[in-house]
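Colleague: Just to be clear, the model below is a prediction. Sequence and coordinates:
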Amino acid sequence: MNSARATFPIEDYDLDATLSSGQAFRWKQMDGCWEGVIGAHWVRLRIEGSSLVAETAEPVNDWNWLRYYLQLDVNLPAIIATFPEDEPMQASLQSCQGLRLLRQDLWECLASFICSSTKQIVQIQQIIAALCKTHGAALPVPSGHLAANRFPTAEQIAALTEQELRNCKMGFRAPYLLGTARAIVNGEVDLEAIRKMELGRAREELVKFPGVGVKIADCVLLFAYGFDEAFPVDVWIMKAIQQLYFPKRRASLKRLRHFTQTHFGPHAGYAQQYLFHYMRVKKRQPIDQHT
């Protein structure tokens, strides 16, 4: 099998933080590298000095799919310059320097976050691994390597039964994923059309899907569509905001929500990801559950 290898110059890019910060759930760290699947490609990534090295198990003529997914061309300093200069934000920046937002496939991101409800990251990874292994198309991998599979398409999921999805350990999320897949296949919601909408309208479209509330919609808008102003809010990020910004007095839920909507600027979603990862990994707070 003819593999491919490419090297990309990088600056201020923390691959570990980016791939482990709860944005995507198909990456595994192995022998100093990260292995995962992006679309139709099994890929291995590692940092060598000031370069990112990517390897696939088959020839690649155009690497734009990887540049797009990893957001290699994003001007991170320009984004960070819009963040508030308060103590918690600056501590998060120092601890998570180089963290980027990914730009994922629309359907895979939506389906993944439907599966994430009330689960911790390791459990979400297990559900999605079972779903892909059981129902996703096989991909080329290096000789002797464990098998890898594509994420099942909406059409493939729509053709399944609820029980087949429950067999992937997704529990009550199974009918939500099945209903969403069938709504997409039936043309009830056009995922691509959402790209051209303003944030509020885009959110309204996504919450039409079964099992998709505002928090899941905002995750998809942030991690797949690139709406940087989307700020996913759940009980865990609210606890983080309370602890970081209102440590001496308990703020009302209304005040906390208003704070998240107004304090963090035009790239609020980026800021949220820094705060989330900082609290979960650096301060060892148990906020890695998606609700």
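Modeller: Nice, thanks for sending it over.
Colleague: can you pull out the strands in the stretch 101-250 of the chain?
Modeller: 119-120, 138-139, 148-149 (DSSP state E, counting those that start in this stretch).
Colleague: tell me how far the last one is from the chain's mean position?
Modeller: Translated: strand 148-149. How far strand 148-149 lies from its chain's middle: 19 Å, per Cα atoms, centre = their mean, to the nearest Å.
Colleague: repeat for the second one
Modeller: With Cα atoms, centre = their mean as the basis, strand 138-139 stands 22 Å off its chain's centre.
Colleague: Repeat that for the first one.
Modeller: The chain centroid and the centroid of strand 119-120 are separated by 14 Å, computed with Cα atoms, centre = their mean.
Colleague: so where's this protein shaky on pLDDT?
Modeller: 1, 282-291 (pLDDT under 70).
Colleague: domain ranges for it?
Modeller: Annotated domains of the chain cover 4-83, 106-225, 235-290 [automatic domain parsing].
Colleague: Of all those domains, which one is nearest S95?
Modeller: In terms of Cβ to Cβ, the element of those nearest to S95 is domain 235-290, at 4.4 Å. Yep, even glycine has a C-beta here, placed from its N, CA and C like the rest.
Colleague: Dihedrals phi and psi, F8?
Modeller: F8 adopts backbone torsions of phi -120, psi 130, taken as degrees, to the nearest 10.
Colleague: For the stretch 51-200 of the chain, which segments are assigned as helices?
Modeller: Counting by DSSP state H, counting those that start in this stretch, the stretch 51-200 of the chain has helices at residues 64-70, 76-80, 87-95, 106-115, 121-135, 154-158, 162-166, 173-185, 199-206.
Colleague: Kindly export the last one (C-alpha atoms) in CSV.
Modeller: Output for helix 199-206, consisting of C-alpha atoms alone and laid out as CSV, is shown next (Å, rounded to 0.1, in the frame of the first residue of the first chain):
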residue,chain,number,x,y,z
LEU,A,199,-26.1,32.6,14.3
GLY,A,200,-29.6,32.8,15.8
ARG,A,201,-31.3,31.4,12.7
ALA,A,202,-28.7,28.7,12.4
ARG,A,203,-29.3,27.7,16.0
GLU,A,204,-33.1,27.6,15.4
GLU,A,205,-32.5,25.1,12.5
LEU,A,206,-30.4,22.8,14.5
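Colleague: C-alpha coordinates for stretch 215-235, CSV please?
Modeller: Extracted C-alpha coordinates of stretch 215-235, given in CSV (Å, rounded to 0.1, in the frame of the first residue of the first chain):
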residue,chain,number,x,y,z
LYS,A,215,-26.0,23.6,24.0
ILE,A,216,-25.5,20.8,21.4
ALA,A,217,-26.5,23.2,18.6
ASP,A,218,-23.8,25.7,19.8
CYS,A,219,-21.2,22.9,19.9
VAL,A,220,-21.9,22.0,16.3
LEU,A,221,-22.0,25.7,15.2
LEU,A,222,-18.6,26.3,16.9
PHE,A,223,-16.8,23.1,16.0
ALA,A,224,-18.2,22.4,12.5
TYR,A,225,-19.6,25.5,11.1
GLY,A,226,-17.1,28.0,12.5
PHE,A,227,-19.5,30.3,14.3
ASP,A,228,-16.8,31.6,16.7
GLU,A,229,-19.3,33.6,18.6
ALA,A,230,-21.3,30.5,19.6
PHE,A,231,-20.7,29.8,23.3
PRO,A,232,-21.9,26.4,24.4
VAL,A,233,-23.3,26.6,27.9
ASP,A,234,-24.0,23.6,30.2
VAL,A,235,-23.9,23.0,33.9
